[in-house]
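Chemist: Give the three-dimensional model of this entry:
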Amino acid sequence: MINDPLSLDRAIEILNELANLDPEAALCLVETRYPCNALVADSENFQVHSYPERKTVIGFLGVVNGLFGTFEQGKRKGWGPICAQINADGTVRFVKTPNEEEENGKTPEAT
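Modeler: Predicted coordinates:
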């Protein structure tokens with residue numbers, strides 16, 4: 001069965017199912033980065049990170065967030081709508097990336 005269309009909320013639900021079923025695999029997916037070429041880096045469909053001392057890299061969330069796009073404004077301009085919170089015990093929880101300021105003027109932290 002094809003899940004079409006896949007909403008942001010449903011994607012987060014599925015990612016958290018993965019984190020619940022296999023916490024170690026979810027953590028590895030979130031923490032692992034792979035070198036990618038300039039074609040991937042220049043594509044608007046993926047989010048990559050360039051390190052001065054290393055090649056440009058892409059990770060799991062860079063691919064997933066590429067499906068949903070990026071914020072066009074706000075504190076997290078250019079970020080994707082899904083982030084991973086890594087807990088002290090090493091478990092992962094996927095959440096919507098906070099992009100709005102809270103009442104106290106601070107933006108919640110995201111990883």
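Chemist: the strands in the chain, which residues?
Modeler: With strands called from DSSP state E, the chain shows them at 33-35, 48-50, 56-59, 82-86, 92-96.
Chemist: any idea how far the third one is from the chain center?
Modeler: Taking the mean of its C-alpha atoms, strand 56-59 sits 12 Å from the chain's own mean (Cα atoms, centre = their mean, to the nearest Å).
Chemist: so what does that strand touch, helix or strand wise?
Modeler: helix 23-31, strand 33-35, helix 38-42, strand 48-50 (3 or more Cβ pairs under 8 Å, 6 or more residues apart in numbering; DSSP states H and E). For glycine as for every other residue, the C-beta is placed from the backbone atoms N, C-alpha and C.
Chemist: now the ones you listed as a markdown table including mean pLDDT?
Modeler: Shown next, in a markdown table, are those (pLDDT from 0 to 100):
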| stretch | mean pLDDT |
| --- | --- |
| helix 23-31 | 96 |
| strand 33-35 | 94 |
| helix 38-42 | 93 |
| strand 48-50 | 91 |
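Chemist: Redo the ones you listed as CSV? Include mean neighbour count and distance to Ser7.
Modeler: Below are these laid out as CSV (neighbours: other Cβ atoms under 10 Å; distance: least, Cβ to Cβ, whole Å):
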stretch, mean neighbour count, distance to Ser7
helix 23-31, 16, 20
strand 33-35, 13, 27
helix 38-42, 12, 26
strand 48-50, 15, 25
